[in-house]
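[1] Following is a predicted model, sequence given first.
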Amino acid sequence: MQTALTVLVLAMVFSSSSHAADFAVKQRYSGVFEVRDFDQFITNDDTPMRRRTIDIKSVEAKLDIEINPKSKFELELEVEHGGAGTAMEYEQDEFGEFESEIEKGGEVELEEAYYLRRLTESTDLVIGLAPVYMGFSAIQRKPLMYSAAHAGHLEARMIPEDWTEPGVQVRQRWGDITVRAGIVAGLNSEFFRTYSWVGGGKQRQFETMNFDEPAMIASVEYGNVAHGHGMALAYYNGGSQKQRYKRNRLAKQADVQLFNAMMNWRLWRLALKAEAIYGELENADEVSKRNNNLPGMAGAGGFNNVGSRAMLQSVQLDYDVIDSTSLFLRWGYVNTFYGVTGNVFADPRYDVRQNGWGIAHRWDDICAVKLEWYREWTKLAGMPDTTTYALQFAFDTGSF
């Protein structure tokens, strides 16, 4: 947390200093305030109880520093839930123990910090911590870019939400077609879990990131998916066995493959937003077995079993009643036990369906109110359906 805050403060001081006259510096702020009413299950009880929460989900500050016509630097800090969290440390000199301390955690996080170099008019080089083009939550990163409460509903149950990774990426444009490719830090299979599949593997638990098995990412986009006029295919391939801190506990490869198709297209007052994500985890049974024995805070707590294949599908239809108000209907499906290996049980509780509706109203150019309802049910026999209401106030001061 201290590192991220220091970087942002220095950047903002820099942006207001006399040196800033040499650069074009833009600032952007966004955030979400939410009240949620939902069903919550208690351990060993299949009858949910009703809960209500109020939360500052996130506040983000972003700087865009245009160094010259060919180079710029982007920096973004996100504060989640209004506070600072904990970080984990791996103490090799203390018998390989996992420890926790109040530090950078996941509550105050440096989301983006990258240098962009325009090699040609159509080619960009990106170096640093930048978004991974995989899923709507990674590309629609600001709350006024989508009408629902989340950009990619259900994505967090399968892949990292708002996914960013350090590495090197290249972006090439040919007219309406954009091709991206890159090498980034891979996922850590020590944190693959039943409830989020490989989503917990994003390396945010420790103060440094392992880079023993870099991942390869690639995508092809037609138009602009983030802004409602495009479609895209994306691919991720990376190992997760050598990314583990206790890598000696898993002898077999644990490569992750992800395939993603997205479409977001607006025509007149209608908009169709749809995606599918398919994923494979090599030797998922071995990962499950080894994660069951992790000590201390890294322990899976009974959620160590993960499937070898996972699938997500979602469709959302929006209709603009007037220019400032949209209604939407949404259907979604995710199954993180779409395939299993070895002795891993295909848990029907994680074969999930959702349907819902909502309304979004823009008060002005930077503020919006959203109301959403959805019903969720699983394939587990006897498990009752659950419902959730969410009321959000969102703001975003600008775009760059």
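    That came through fine.
[2] which residues does the residue nearest to residue 215 when sequence neighbours are not counted contact?
    Using CB to CB, 6 or more residues apart in numbering and skipping residues adjacent in sequence, the residue nearest residue 215 is residue 238, 2.5 Å away. C-beta coordinates here come from the backbone N, C-alpha and C atoms, glycine included. By CB atoms under 8 Å, 6 or more residues apart in numbering, the residues touching residue 238 are 184, 186, 187, 213, 214, 215, 216, 255, 256.
[3] Quick check: beta-bridge partners of residue 238?
    residue 215, residue 256 (DSSP bridges).
[4] Same check on residue 376?
    Bridge pairing for residue 376 - DSSP bridges - gives residue 354, residue 386.
[5] Was I right to think it contacts residue 385?
    Yes - shown here, residue 376 and residue 385 form a contact pair, counting by CB atoms under 8 Å, at 6.7 Å.
[6] Identify the residues contacting residue 215.
    165, 183, 184, 185, 186, 187, 236, 237, 238, 239, 256.
[7] again, but for residue 214
    For residue 214, counting by CB under 8 Å, 6+ apart, the contacting residues are 167, 183, 184, 185, 186, 238.
[8] Given the strand ranked longest in the chain, what are its sheet partners and their directions?
    Using DSSP state E, we find that the single longest strand of the chain is strand 49-68. Here strand 49-68 has these sheet partners by DSSP bridges: strand 24-40 (antiparallel), strand 71-80 (antiparallel).
[9] Show me which residues of it are buried.
    57, 58, 59, 60, 61, 62, 63, 64, 65, 66 (16 or more other CB atoms under 10 Å).
[10] how about the contacts of residue 215, which pair is most distant?
    183 and 256 (14.8 Å; CB to CB).
[11] neighbour-wise, which of these two wins?
    Using other CB atoms under 10 Å as the criterion, residue 183 and residue 256 rank with residue 256 on top: 25 against 16.
[12] Please tell me I have it right and that one contacts residue 187.
    Yes - counting by CB under 8 Å, residue 187 is a contact partner of residue 256 at 5.9 Å.
[13] sorry, back to before: nearest to residue 246, of the contacts of residue 214?
    residue 186 (16.0 Å).
[14] and the residue nearest to residue 293 when sequence neighbours are not counted, how far is that from residue 189?
    Of all residues not flanking residue 293 in the chain, residue 249 sits nearest, at 7.2 Å (CB to CB, 6+ apart). Distance, residue 249 to residue 189, by CB to CB, to the nearest Å: 10 Å.
[15] Those two - which one has more neighbours?
    Between residue 249 and residue 189, counted using other CB under 10 Å, residue 189 has the larger neighbour count: 31 against 16.
[16] dump the residue contacts of that one.
    198, 201, 240, 241, 243, 244, 250, 254, 287, 291.
[17] same deal with residue 64?
    Counting by CB under 8 Å, 6+ apart, residue 64 has contacts 25, 26, 27, 28, 72, 73, 74, 400.
[18] where's the third one relative to residue 108, distance?
    Counting by CB to CB, the separation of residue 27 from residue 108 is 18 Å.
[19] now do the fifth one
    Spatial separation of residue 72 from residue 108 under the definition CB to CB is 24 Å.
[20] Now the residue nearest the centre of the chain: closest residue in space, sequence neighbours ignored.
    What sits nearest the mean C-alpha location of the chain, by CA atoms, centre = their mean, is residue 161, with 1.5 Å. Distances taken as CB to CB, 6+ apart place residue 137 nearest to residue 161, at 4.9 Å, with adjacent residues excluded.
[21] ok, back up a step: pLDDT at the residue nearest to the centre of the chain, what is it?
    According to the prediction, residue 161 has pLDDT 94.
[22] I'd like the distance between it and residue 292.
    In terms of CB to CB, residue 161 sits 25 Å off from residue 292.
[23] what's the answer for residue 179, then?
    From residue 179 over to residue 292 (counting by CB to CB), the distance is 41 Å.
[24] show me where pLDDT drops low in the stretch 151-300 of the chain?
    296-300 (pLDDT under 70).
[25] next one: the stretch 301-400 of the chain
    Ranges of the stretch 301-400 of the chain meeting pLDDT under 70: 301, 400.
[26] And the helices in it?
    Taking DSSP state H, counting those that start in this stretch as the criterion, the stretch 301-400 of the chain carries no helices.
[27] Run through the bridge partners of the nearest residue to residue 31 once chain neighbours are set aside.
    Nearest residue to residue 31, sequence neighbours excluded (CB to CB, 6+ apart): residue 59, at 3.9 Å. Residue 59 forms beta bridges with residue 31, residue 79, as assigned by DSSP bridges.
[28] give me every residue that touches residue 59.
    Per CB under 8 Å, 6+ apart, neighbours of residue 59: 29, 30, 31, 78, 79, 82.
[29] The same query, at a cut-off of 10 Å, please.
    29, 30, 31, 32, 33, 77, 78, 79, 80, 81, 82, 395 (CB atoms under 10 Å, 6 or more residues apart in numbering).
[30] and which of those residues is nearest to residue 142?
    Nearest member of these to residue 142, counting by CB to CB, is residue 30, at 5.1 Å.
[31] so what's the backbone phi/psi at residue 305?
    phi -70, psi 130 (degrees, to the nearest 10).
[32] Please identify the buried residues of stretch 115-126?
    Buried, per 16+ other CB under 10 Å, within stretch 115-126: 116, 124, 126.
[33] I would like the residues contacting that stretch, please.
    Against stretch 115-126 from outside (CB under 10 Å, 6+ apart): 64-74, 114, 127-128, 130, 167-175, 178-180, 182.
[34] If we use 7 Å, what do you get?
    Contacts to stretch 115-126, defined as CB atoms under 7 Å, 6 or more residues apart in numbering, come from residues 70-74, 114, 127-128, 169-174.
[35] So among these, which ones count as buried?
    72, 73, 74, 114, 128, 169, 171.
[36] So residue 27 and residue 108 - more neighbours on which side?
    residue 108 (22 against 15).
[37] Report pLDDT for that one.
    80.
[38] what does residue 57 give?
    On the pLDDT scale, residue 57 gets 92.
[39] Touching, it and residue 32? I think so.
    Yes - contact status for residue 57 versus residue 32: in contact at 4.3 Å, counting by CB atoms under 7 Å.
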